[in-house]
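[1] I need the structure of the sequence given here:
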Amino acid sequence: MATEHRVYYQDARDLSDLRDNSIELVVTSPPYPMIEMWDALFFQLNPRIKDCLDKGDYWHAYEYMHLELRRVWAELFRVMKPGAFACINIGDATRTINGKFQLFPNHSRIMHDFTELGFDALPLVLWRKQTNAPNKFMGSGMLPAGAYVTLEHEYILIFRKGNKRVFSSEAEKQNRMESALFWEERNSWFSDLWEFKGSRQVLNGKGKNTLRQRSGAFPFILPFRLINMYSVLGDTVLDPFLGTGTTMLAAMACGRNSVGYEIEPLFADHLNGIILQESLSLNRFQEERIDNHLGVVKRYLEERNKPFKHQNRFYNFPVMTKQETLLKLPVIQDVFQQSSQVYTVKYVSPEKIKQMVETRGVEQIFSTLTEKASGKNSAAQLTIDY
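    I've put the predicted structure just below:
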């Protein structure tokens with residue numbers, strides 16, 4: 001098994017490199033309208049935005065920002081397959097202009113645009129971003145009638161293009177079964193409230209002519225969950241705002257193909273470095289899924305003192321439901337850089353993993369690969385939390 005991962009350093013308002021109906025899943029986080037760190041990018045997309053802000057006409061600036069994002073959303077509708085999902089991480093904005101503080105509801109505006117373009121809106125996820133800030137409140141402090149609620153959450157908006165995806169052939173049904181989630185993951189991940197820390201990355205370079213100082217990167221766990229939840233092995237995942245490449249790395253870990261668009265070509269060296277440094281270490285996230293499941297099995301047997309009804313045929317460990325019996329987790333063997341914009345990931349064959357399970361036990365199947373990667377790569381900034 002192999003997957004391909006391609007980066008286009010182009011404006012995502014034009015996805016003409018992608019065919020109609022070719023993408024199974026979109027996972028992305030766009031620039032947030034009315035957040036100051038993104039102003040310069042929006043000025044580049046539409047100079048009228050700067051004119052409006054300079055005049056204090058913030059609602060027209062907000063409108064123009066979303067009109068530029070809408071052009072990307074329209075392209076998504078074209079390239080997504082019927083039944084495909086789009087998962088959009090977005091936060092609302094607060095801003096003071098002309099001495100007036102107020103909220104700009106980005107999530108509701110994006111929902112309006114997606115549904116108007118023909119997508120169906122599905123139940124969303126509230127991502128509560130844990131913070132250790134000792135001084136979180138805004139406004140008048142302890143005095144009433146002058147303070148503001150602190151925004152500590154963002155949204156993961158979920159949309160689908162058309163009706164539910166159909167898995168017709170026996171091969172499609174088999175692949176869907178092999179892409180299954182563990183029972184405990186299904187119960188946790190499909191909750192409408194997620195709580196884990198956000199990600200703030202400082203990028204290389206200083207000054208106006210190099211990289212922007214920060215990227216709006218989300219933590220690895222966010223695309224990792226969404227890709228496992230809303231696609232199957234071998235699908236293609238698109239991130240039209242690739243940034244530091246977290247979605248692409250998650251797609252590699254999950255055994256999916258991916259395509260990313262990034263408007264800033266100066267990200268190329270930074271992104272290439274991340275992919276080559278982190279890729280083999282991504283196996284630890286699948287290893288943690290197995291470790292977590294074995295912990296669930298142990299606690300279940302201790303608390304209930306009765307056997308499981310089902311056994312996974314691949315790993316030979318107990319599972320809660322029949323739908324988990326064919327579940328397989330992809331294990332990265334090698335990553336090849338085919339060109340400056342294309343990467344190929346090769347995975348350990350199912351036969352080899354099956355042999356390792358039978359000879360070493362399921363707890364040991366990642367050890368050799370982990371040792372191979374440990375001297376080359378660091379996954380310190382890619383944390384996962386179950």
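[2] all contacts plus neighbour counts: C-alpha atoms, from now on.
    Fine.
[3] wait, residue 311 sits on residue 323?
    No. Checked against CA atoms under 8 Å, the pair residue 311 and residue 323 is beyond contact range at 10.3 Å.
[4] Checking residue 336 next. Helix, strand or coil?
    Assigned state for residue 336: strand (three-state reduction, DSSP: H, G, I helix; E, B strand; the rest coil).
[5] Just give me the neighbour total for it.
    Residues lying near residue 336 (other CA atoms under 10 Å) number 12.
[6] What of the one 5 residues further on?
    Number of residues near residue 341 (other CA under 10 Å) recorded here: 15.
[7] Now do the contacts for it.
    6, 7, 8 (CA atoms under 8 Å, 6 or more residues apart in numbering).
[8] For the first one, grab phi and psi.
    Same thing as residue 6. phi -120, psi 130 (degrees, to the nearest 10).
[9] mind checking how far it is from residue 12?
    From residue 6 across to residue 12, the span is 14 Å (CA to CA, to the nearest Å).
[10] Export the contacts of residue 341 to a markdown table and append columns for pLDDT, distance to residue 94 and neighbour count.
    Output for the contacts of residue 341, formatted as a markdown table (pLDDT from 0 to 100; distance: CA to CA, whole Å; neighbours: other CA atoms under 10 Å):
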| residue | pLDDT | distance to residue 94 | neighbour count |
| --- | --- | --- | --- |
| 6 | 98 | 35 | 18 |
| 7 | 97 | 32 | 23 |
| 8 | 97 | 32 | 20 |
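[11] Count the residues that sit near residue 60.
    15.
[12] Contacts only, for it.
    If you count contacts by CA under 8 Å, 6+ apart, residue 60 has them with 49, 52.
[13] And the one 3 residues further on, by the same measure?
    For residue 63, no contacting residues are found, by CA under 8 Å, 6+ apart.
[14] secondary structure element for it?
    helix 58-79 (DSSP states H and E).
[15] what residues does the helix or strand that that helix is followed by touch?
    Note on helix 58-79: by DSSP H and E, the next helix or strand toward the C-terminus is strand 80-90. For strand 80-90, contacts defined as CA under 8 Å, 6+ apart pick out 20-30, 32, 106-107, 154-166, 226, 230.
[16] Given strand 80-90, what are its sheet partners and their directions?
    strand 23-28 (parallel), strand 153-160 (antiparallel) (DSSP bridges).
[17] Buried deepest among the ones you listed, which one?
    Highest mean neighbour count of the strands paired with strand 80-90: strand 23-28, a mean of 26 (counted as mean count of other CA atoms under 10 Å).
[18] so where's the chain shaky on pLDDT?
    Along the chain, segments meeting pLDDT under 70 span 131-140, 199-216, 367-386.
[19] what's the domain layout of it?
    The record's domain parsing of the chain by automatic domain parsing lists 2-277, 281-374.
[20] which SS state does the residue nearest the centre of the chain fall under?
    Centroid check for the chain by CA atoms, centre = their mean gives residue 223 as the closest residue, at 2.0 Å. Judged by three-state DSSP, the three-state class of residue 223 is helix.
[21] Hmm, it is touching residue 250, no?
    Yes. With contact defined as CA under 8 Å, residue 223 and residue 250 form a contacting pair (6.1 Å).
[22] Ramachandran angles for the residue lying farthest from the centre of the chain?
    Most distant from the centre of the chain: residue 143, at 39.9 Å, with distances by CA atoms, centre = their mean. Main-chain torsions, residue 143, degrees, to the nearest 10: phi -90, psi 130.
[23] Distance of it relative to residue 95?
    From residue 143 to residue 95 the distance is 21 Å (CA to CA).
[24] same question, residue 61
    12 Å.
[25] in stretch 269-280, what counts as buried?
    271, 272, 274, 275, 276, 278, 279, 280 (16 or more other CA atoms under 10 Å).
[26] Surely the second one is in a helix?
    Yes. The assignment for residue 272, made by three-state DSSP, places it in a helix.
[27] Which parts of this protein are helices?
    39-45, 47-54, 58-79, 106-117, 170-178, 183-189, 221-230, 246-254, 267-278, 283-304, 350-360, 367-374 (DSSP state H).
[28] With respect to burial, which of those scores highest?
    Of these, helix 246-254 is the most buried (mean count of other CA under 10 Å), at a mean of 27.
[29] Who are the packing partners of that one?
    Packing contacts for helix 246-254, counted by 3 or more CA pairs under 8 Å, 6 or more residues apart in numbering; DSSP states H and E, involve strand 2-8, helix 221-230, strand 236-239, strand 257-261, helix 283-304.
[30] how about the contacts of residue 341 in JSON lines, adding distance to residue 331?
    Converted to JSON lines, those look like this (distance: CA to CA, whole Å):
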{"residue": "6", "distance to residue 331": "20"}
{"residue": "7", "distance to residue 331": "22"}
{"residue": "8", "distance to residue 331": "26"}
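[31] tell me the contacts of residue 342?
    Taking CA under 8 Å, 6+ apart, one finds 4, 5, 6, 7 in contact with residue 342.
[32] In CSV: the residues you listed, plus distance to residue 362.
    CSV is the format used below for the contacts of residue 342 (distance: CA to CA, whole Å):
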residue, distance to residue 362
4, 28
5, 29
6, 33
7, 35
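[33] and which of these is nearest residue 123?
    residue 5 (29.3 Å; CA to CA).
[34] Quickly list what that closest one is bridged to.
    Beta bridges link residue 5 to residue 258, residue 343 when assigned by DSSP bridges.
[35] Pull the contacting residues for it.
    248, 252, 257, 258, 259, 260, 342, 343, 344.
[36] of all those residues, which two lie farthest apart?
    Using CA to CA, those span at most 14.1 Å, a distance reached by 260 and 344.
[37] Looking at these two, which is more packed in?
    Each of residue 260 and residue 344 has its neighbours counted (other CA under 10 Å); residue 260 has more, 24 against 18.
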